[in-house]
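Student: how would this look folded up:
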Amino acid sequence: MGQREERLALIRSAYAARDGGNAEGLVTAFHPEGLFTLMGDNSALALTGTMQGHPTLRGAFSKLIDEFGFEGREILAELVDGDRVAVHSRVVVRHHPTGKASNTEILDLFRFQDEKIVDLIEFADTAQIKAMIS
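Tutor: Just a heads-up that it's a prediction; the model follows:
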């Protein structure tokens, strides 16, 4: 398996962990000093912003998984350019406390180092999420 395929396989494994509610499995896909940035309006969703390092990522991913389930992920496009990967996907997001669900699309921009995710910037519709939790 080439580097491109290995990176896409790691991303798919991370998505399976996220979609399956496995925060620890998701953290293992990241470099120990890895960054995760959820882009969006912090007034719409408190978990927006940047988190770094396994302990911080573990806490953030656990909170996200407790609050929001991802169901039926469909990968619409994957673009690989060296150590960078962009993935466009469609998912159903379910807010666990209210049970409300909504279809949405997500864009994830990954950067790899030492064959782990060292940087992930995620673009999601935080206004749509805010409407779900209101």
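Student: use CA for all of it now, contacts and neighbours both
Tutor: Will do.
Student: Where does residue 58 fall, secondary structure wise?
Tutor: Under the criterion DSSP states H and E, the helix or strand holding residue 58 is helix 54-67.
Student: Walking through this structure, point out its strands one by one.
Tutor: 30-39, 49-52, 68-81, 84-95, 101-113, 116-123 (DSSP state E).
Student: Any regions of the protein where pLDDT drops low?
Tutor: 44 (pLDDT under 70).
Student: how deep is the closest residue to residue 86 other than its chain neighbours tucked in, by neighbour count?
Tutor: Of all residues not flanking residue 86 in the chain, residue 109 sits nearest, at 4.6 Å (Cα to Cα, 6 or more residues apart in numbering). Using other Cα atoms under 10 Å, residue 109 has 17 other residues around it.
Student: Quick check: the closest residue to residue 61 other than its chain neighbours vs residue 69, distance?
Tutor: Closest residue in space to residue 61, ignoring its immediate chain neighbours: residue 23 at 5.6 Å, by Cα to Cα, 6+ apart. Residue 23 sits 12 Å away from residue 69, going by Cα to Cα, to the nearest Å.
Student: Many thanks, have a good one.
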